[in-house]
Structure formats: structure tokens, C-alpha cells
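>>> Provided below for reference: sequence and predicted model.
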Amino acid sequence: MKKLAFLLFAMLLFGFNVSYSANCKDDTLWEVSRDGEILIMLSGEVYEVLHGDEIDSQLWLPPSEVIICKKFLKIKGKLWKYYEIINLDESEKVRALRIK
């Protein structure tokens, strides 16, 4: 899972072809791990924040209102799914993989 997260982070960092969709939903941030790597939502969904973004998420304080948008990244013809989590209280966003 960590290798996939790092791969997606590297691809996003270097500007690979990213397709955006408007598939978003509201949720509430319920818990943040100490290092900001894991985000648990009130809905029960759990996300692993991509490397480099956890510097922002580790400062997020629950409960915070968030918008979670499903995004896709196309790499050599293969479609990868990741999520953009926007903290409305902090006006910041991170990228993550859903692990539950």
C-alpha cells in the first residue's frame, strides 16, 4: 500500500495526465493519527494520506467539516483512483488512498 501511495504521489508531483471528476461528498473528520498519515471520518471511512501531504493533515483538528472528492490518474493507460480531501475549517487539501 505504501508503494502505491508513493507511486501516486510521484506521478502527481511530476504532472502526469490527471482527470478530474465532480464525484464529491461531505463528511466530518473524526480522528487524525499523530503523524497525520491516517484520517478517520465520522462515516467510518479511513484514508491513508499520500506522502508529503501529511505535513498539513497532522495539524487538522477533529471534528472538521471536509469534502471528499474521488479523482483518477491515468498512467500508461491504467487508471488509478485516489481521493482529494478538503478541510473546510482549515482551507487546506490533501491527497489520500481509501483503506477502509
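Thanks, I have it.
>>> rest of the way, CA atoms for contacts and neighbours
OK.
>>> Pull out the buried positions in stretch 73-86.
Neighbour-count burial for stretch 73-86 flags 73, 82-86 (criterion: 16 or more other C-alpha atoms under 10 Å).
>>> what sits against Asp27?
The contact partners of Asp27, taken as C-alpha atoms under 8 Å, 6 or more residues apart in numbering, are 41-43, 65-68.
>>> again, but for Glu92
By C-alpha under 8 Å, 6+ apart, the neighbours of Glu92 are 56, 86.
>>> For it, name its beta-bridge partners.
When assigned by DSSP bridges, Glu92 has beta-bridge partners Asn87.
>>> if I look at it, how far off is Gly77?
30 Å (C-alpha to C-alpha, to the nearest Å).
>>> low pLDDT regions in the chain?
1-22 (pLDDT under 70).
>>> Tell me where it has helices.
2-13, 54-57 (DSSP state H).
>>> List the buried residues of the shortest one.
Of the residues in helix 54-57, those buried by neighbour count under the rule 16+ other C-alpha under 10 Å are 54, 56-57.
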